[in-house]
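Novice: give me a 3D structure for the following:
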Amino acid sequence: MRPIKLVSSSFVDFPGRGYASYIFDKQQLKVSHYHDFYEVFLVDQGHALHMVNGFKLPLSAGSLCFVRPEDAHCYQDMSDDFRIINIIIPEGIITALFSFLGPNFDGKRLLETPTPPCVCLDFQDLSSLIRDFEQLILYKKILKEKSDTMYRITIFNLLTKHFLIQQIDTQAAPIPQWLKLLSLQMLTKEHFTKGLSAMYRLSGKSPEHVSRACRKHLGKTPSQLVNDIRLEHSAMLLVTTQTPVIEICHACGFESLSYFYHRFKEHYNTSPAGFRKDKANTEAKIYLMGNLSVKAEIPPAIPLMP
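Specialist: Coordinates of the predicted model:
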């Protein structure tokens, strides 16, 4: 049987609005279909086979799936108690979410897999998500003026926690805890001004080991990491103070003014003086950077971990 197309206008009364419901009608679930919207469904009880794009995927309580518009799917071999909670997500919301996550987020890994991304929740996450979904259904019926806001909050939390963050994490090996702590410590002025000597001392590891870990997990050398931190702090000082450039150079740990100028222009595509002059644009940049001189609440020592 050829899949039928479902359109969001059949379920929602306003463009961009979401919809949540329980589905347990076996005849409805057996119908092969695709959509003009995204769909997230959660199996809250029972088990079945998810027939999607020519694949047969087992489903059980705790299965959470992200279905794309062109995914043709239906359900077979359903247990008597099989039931899903279904959420319709208009394409515009997904587009806006990916735009908010920025250009470094690779949405293709989520959207172009042969089968819809699916995760299996533990009991705690399943119970929490069921409550969130049921709240959406309830709000839709009795608190309509709040339902759209609650819907958007739930969708953002749902996708980022269970799909997008996991998808990002799989793109690279996890960063070792010692390297995370070391990076945090290097954000403080007392450490980044001292540079590599402080970095190696704080790590408790050999320079070679630190270098390999930085290249593998951060995509930069230890020197590049230190310089990036120094440059961001220097940019903040250029905009928020009238301190002469040469004093900023030395205050951030650079020994050579010419080297500072070279690295600054390479990093910001302008000179320190030009950066300071273009204050209207740079104030916004500094706001996003944060003040690196504020000491982070971090442990005083880094455990020696492999």
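Novice: buried sites along stretch 30-37?
Specialist: 34-35, 37 (16 or more other C-beta atoms under 10 Å). In short, each C-beta sits where N, CA and C put it, glycine included.
Novice: what's the answer for stretch 215-234, then?
Specialist: 217-218, 222, 225-234.
Novice: for residue 30, what are its contacts?
Specialist: If a contact means C-beta atoms under 8 Å, 6 or more residues apart in numbering, then residue 30 has 74-76 as its contacts.
Novice: quick one: it and residue 74, what's the gap?
Specialist: Residue 30 sits 6 Å away from residue 74, going by C-beta to C-beta, to the nearest Å.
Novice: which neighbours do the two share?
Specialist: By C-beta under 8 Å, 6+ apart, no residue touches both residue 30 and residue 74.
Novice: hmm, back to that, got the buried residues of stretch 30-37 as TSV, with pLDDT and secondary structure columns?
Specialist: Formatted as TSV, the buried residues of stretch 30-37 follow (pLDDT from 0 to 100; DSSP: H, G, I helix; E, B strand; the rest coil):
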residue	pLDDT	secondary structure
34	93	strand
35	91	strand
37	91	coil
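Novice: of those, which is the nearest to residue 87?
Specialist: residue 37 (9.9 Å; C-beta to C-beta).
Novice: let's have the contacts of residue 30 in a markdown table, adding neighbour count, distance to residue 181 and pLDDT.
Specialist: Listed next are the contacts of residue 30 as a markdown table, based on neighbours: other C-beta atoms under 10 Å; distance: C-beta to C-beta, whole Å; pLDDT from 0 to 100:
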| residue | neighbour count | distance to residue 181 | pLDDT |
| --- | --- | --- | --- |
| 74 | 17 | 49 | 95 |
| 75 | 22 | 47 | 96 |
| 76 | 13 | 50 | 96 |
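Novice: any chance of these in a markdown table, plus distance to residue 155 and secondary structure?
Specialist: Formatted as a markdown table, those follow (distance: C-beta to C-beta, whole Å; DSSP: H, G, I helix; E, B strand; the rest coil):
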| residue | distance to residue 155 | secondary structure |
| --- | --- | --- |
| 74 | 24 | strand |
| 75 | 23 | strand |
| 76 | 28 | strand |
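Novice: not counting sequence-adjacent ones, nearest residue to residue 234?
Specialist: In space, residue 234 comes closest to residue 252 once its chain neighbours are excluded; the distance is 4.6 Å by C-beta to C-beta, 6 or more residues apart in numbering.
Novice: what is the burial count for the one you found?
Specialist: Using other C-beta atoms under 10 Å, residue 252 has 23 neighbouring residues.
Novice: what of residue 260?
Specialist: Residue 260 has 23 neighbours, counted by other C-beta under 10 Å.
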